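Participant: Sharing a model prediction with you, sequence too.
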Number of protein chains: 2
Amino acid sequence: MVGQRQFDEKQTLDRVLETFWNKGYGATSMQDLATATGVQRGSLYNAYRDKETLFLRAFQGYADQFLADAVDALAHPDAEQALRRFFDFTITSMTAGTPTRGCLTTKTATDERADGERIQAALRSLLDNLERVLQERLSLEDATARLVIPPAEAARVVITMTRGTVVMERVYQDPDRLRGTAGSLISALLAPVPVRSGPGT
Amino acid sequence: MVGQRQFDEKQTLDRVLETFWNKGYGATSMQDLATATGVQRGSLYNAYRDKETLFLRAFQGYADQFLADAVDALAHPDAEQALRRFFDFTITSMTAGTPTRGCLTTKTATDERADGERIQAALRSLLDNLERVLQERLSLEDATARLVIPPAEAARVVITMTRGTVVMERVYQDPDRLRGTAGSLISALLAPVPVRSGPGT
DNA sequence: TCCATTTTTGACAACACCGTCAAGCTATGC
DNA sequence: GCATAGCTTGACGGTGTTGTCAAAAATGGA
C-alpha cells in the first residue's frame, strides 16, 4: 500500500463527531472540520468524498456507542431503576460540555440542511434500535408486572419522551428539571409495586 | 406621515413566518424572505433592522395564535378528550404542508444559529405559557380525579412529550404513529374513570 | 535506487450571504 | 405646487461556503 493516509483516522473521526455535535450538521463547514482535526480540507474531501459521507462515518461510531450505553443502562434488574438509568444516561449525555452540546440525533433530525436520504435513514436506524432494546427490556416480567400500558407502547412513549427532553434542554438548560420530568413519566408508566401477600402466581 | 411603507405589513409578516417555518431560522436568508414577500431586501432591513428582529416580530404572531388554539383545544369538558384534542392540534399543526413544516418552536430551539438571547426568551415564553394553560386545565376536578400524578407534573410531561412528537415527526413522517404514541401516554396518565356506585363525594 | 500510487497542499471558480449606503422615488402636509 | 421625511432600489465590500484540480510530497514495492 503506497501513499498511506497521513492522519489518524480514528482520532480524526472523533474530532469530526465532536464538531458536528457541538455546532450541528448544517452549521458545520468543512473548514471547521479541517481546523478541528488538523487535516486539510482537501484531504478530507479526498478521503470521504463530501460532507454528508463524512458525517455518516462519524455518526455511525456515535450511534453504536450510544446504543451500547443504552443497553448498559437498561441492564438493571429493577424495571423502575432501569428506566431511571436510561433517562439519566440520555440527560447526562446531552448536558455534557459548555455550552451543553445537546443530542446529535435530535439536532440532526431537526436540521433543515440535513435532509439527505442517507442521513434520514441513519437517524431512523438508531431510533429503531433504541426502541427495540427498550421494548425488550420492558417485556421482561418485572416490567410487565407494573407497566400500565403494553411494553411496545411504553417503549415508544419513552423514546419520544427522550426526544422531548432534548428540546427542553435546549430551551431551559436545566438538567434537574429534565430528570424531574422523566421521573414524573416513570411514575405514570409504572403502577406501584404490588404488595405480595404470599408466594402467589 | 410622509414616505409611507409601501408593503402590506400583515401579509409580509405572514409570509415571513411561513418561510421561517418551512426552512428554519438559520437556513432562511434575507434574500429568501425578500423573494417570499416580494419586498426588497433593503426594505426589510430598513423596516426591521435585522433578521433576528424580523423573526421575533413574525414569531410573536405565531406564538399568540398557537397559544389561543391550544386553549381552545383544551376547552373540552372531558379531561381525556381535552388532552387528545391538545395533541391532535399540535400534530395537525406540525404535519401541515408538503413537505411537512414541523414545529417552528422546536426547529428554532434546536437551531444552533438561533442562539440570540431574545429568541431564546421568546421560546421560553411560549413554552411557559403553554405549560401554564395546560396545568390550569389539568387542575380542574374532572382531571385531578383521574390523573395518576399531580397536575403540574402532568403538564410538564405533556409539554415535553409534544416536543418529542415533533422530533419523531421529522424522522418518521407518520402522523398516525404520533397520535398513537400520544394516546399511549394519555392512557398512562389517566386512570380509568372511577365507577360511581352512587352520588357520593 | 527508482517507480508507481496515493495523499497532501494551496489555489481557484462560482456562488451565497450579510449589512450598508447613496441615490431616486413617493406621498403627505403646507 | 412644492418641500421634505421616509421608503425603495440596486450596487458594493467583505466574508464564508462548496467542490475541484494540478502540482508536490510521501511511501512501499520492484
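Facilitator: Alright, I've got the coordinates.

Participant: Surely A:Glu112 is within a helix?
Facilitator: No. Per DSSP: H, G, I helix; E, B strand; the rest coil, A:Glu112 lies outside any helix segment and is coil.

Participant: mind listing what it touches?
Facilitator: By CB atoms under 8 Å, 6 or more residues apart in numbering or on different chains, A:Glu112 lies in contact with A:26, B:23-24, B:26-27, B:107. For every residue, glycine as well, the C-beta is placed using N, CA and C.

Participant: Would you pull up the residue in chain A closest to chain B?
Facilitator: Distances between chain A and chain B by CB to the nearest CB are smallest at A:Gly164, namely 3.1 Å.

Participant: Wait, that residue touches B:Val167, no?
Facilitator: Yes. Between A:Gly164 and B:Val167 a contact is recorded at 7.4 Å, counting by CB atoms under 8 Å.

Participant: Now do the helices in chain A.
Facilitator: Under the criterion DSSP state H, chain A carries helices at the ranges A:9-23, A:30-37, A:41-48, A:51-74, A:79-94, A:104-109, A:117-138, A:141-144, A:151-172, A:175-189.

Participant: For chain A, what lies in contact range of DNA strand D?
Facilitator: A:1-4, A:6, A:28-32, A:41-42, A:45, A:50-51 (CB under 7 Å from any atom of the strand).

Participant: Tell me the one of those nearest A:Pro192?
Facilitator: Closest approach to A:Pro192 among the residues of chain A next to DNA strand D (CB to CB): A:Thr28, at 47.2 Å.

Participant: any idea how far DNA strand C is from that closest one?
Facilitator: Computed as CB to the nearest atom of the strand, to the nearest Å, the A:Thr28 to DNA strand C distance reads 16 Å.

Participant: That residue is in contact with A:Trp21, isn't it?
Facilitator: No. At 9.3 Å, A:Thr28 does not count as touching A:Trp21 under the criterion of CB under 8 Å.

Participant: For the residue nearest to the spatial centre of chain A, report the pLDDT, please.
Facilitator: Against the mean C-alpha coordinate of chain A, by CA atoms, centre = their mean, the closest residue is A:Phe66 at 5.4 Å. Per-residue pLDDT puts A:Phe66 at 97.

Participant: what do you get for A:Thr100?
Facilitator: 92.

Participant: next one: phi and psi at it?
Facilitator: The phi/psi pair for A:Thr100 (degrees, to the nearest 10) reads phi -50, psi 140.

Participant: okay, now it: neighbour count?
Facilitator: Neighbourhood size, A:Thr100 [other CB atoms under 10 Å in any protein chain shown]: 15.

Participant: where does chain A have low pLDDT?
Facilitator: Low-confidence segments of chain A, defined by pLDDT under 70: A:1-3, A:194-201.

Participant: Spell out which residues of it are next to DNA strand C.
Facilitator: Contact residues, chain A versus DNA strand C (CB under 7 Å from any atom of the strand): A:2-7, A:39-43, A:46-47.

Participant: Which among the residues you listed count as buried?
Facilitator: Among those, those classed as buried by 16 or more other CB atoms under 10 Å in any protein chain shown are A:Val39.

Participant: and the residues of chain A next to DNA strand C as CSV, adding distance to A:Asp78?
Facilitator: Formatted as CSV, the residues of chain A next to DNA strand C follow (distance: CB to CB, whole Å):
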residue, distance to A:Asp78
A:Val2, 57
A:Gly3, 55
A:Gln4, 51
A:Arg5, 47
A:Gln6, 51
A:Phe7, 46
A:Val39, 46
A:Gln40, 52
A:Arg41, 51
A:Gly42, 54
A:Ser43, 50
A:Asn46, 51
A:Ala47, 46
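
Participant: What's the end-to-end length of stretch A:128-146?
Facilitator: 24 Å (CA to CA, to the nearest Å).

Participant: Show me which positions of that stretch end up buried.
Facilitator: Neighbour counts over stretch A:128-146 (16+ other CB under 10 Å) mark A:129-131, A:133-135, A:137-138, A:142-143, A:146 as buried.

Participant: still on that earlier bit, skipping adjacent residues, who's closest to the residue of chain A closest to chain B in space?
Facilitator: B:Gly164 (3.1 Å; CB to CB, 6 or more residues apart in numbering or on different chains).

Participant: contacting residues for that neighbour?
Facilitator: Residues near B:Gly164 by CB under 8 Å, 6+ apart: A:159-165, A:167.

Participant: Please repeat the previous calculation with a cut-off of 10 Å.
Facilitator: Counting by CB atoms under 10 Å, 6 or more residues apart in numbering or on different chains, B:Gly164 makes contact with A:106, A:157-168, B:106, B:178, B:181-182, B:185.

Participant: again with A:Leu190
Facilitator: Taking CB under 10 Å, 6+ apart, we find A:Leu190 in contact with A:79-80, A:83, A:143, A:145-148, A:154, B:148, B:188.

Participant: Just the buried residues of those.
Facilitator: Applying 16+ other CB under 10 Å to these flags A:79-80, A:83, A:143, A:146-148, A:154, B:148, B:188 as buried.

Participant: Which member of the residues you listed is positioned nearest A:Leu13?
Facilitator: Nearest to A:Leu13 among the buried ones among the contacts of A:Leu190, with distances taken as CB to CB, is A:Leu83, at 31.8 Å.

Participant: show me what contacts the closest one?
Facilitator: A:73-74, A:76, A:134, A:137-138, A:143, A:154, A:158, A:182-183, A:185-186, A:189-190.

Participant: With A:Thr95 instead?
Facilitator: Neighbouring residues of A:Thr95 by CB under 10 Å, 6+ apart: A:101-103, A:165, A:169, A:173-175, A:178.

Participant: Among those residues, which one lies nearest to DNA strand D?
Facilitator: Distance to DNA strand D, by CB to the nearest atom of the strand, is smallest for A:Arg101 among the contacts of A:Thr95, at 18.3 Å.

Participant: What is the neighbour count of that closest one?
Facilitator: Residues within reach of A:Arg101, counting by other CB under 10 Å, total 19.

Participant: same question, the one 10 residues further on
Facilitator: Residue neighbour count, defined by other CB under 10 Å, stands at 22 for A:Asp111.

Participant: cool, and the one 5 residues further on?
Facilitator: Under the neighbour criterion other CB under 10 Å, A:Gly116 is assigned a count of 16.

Participant: Please report the distance of it from A:Ala36.
Facilitator: 21 Å (CB to CB, to the nearest Å).
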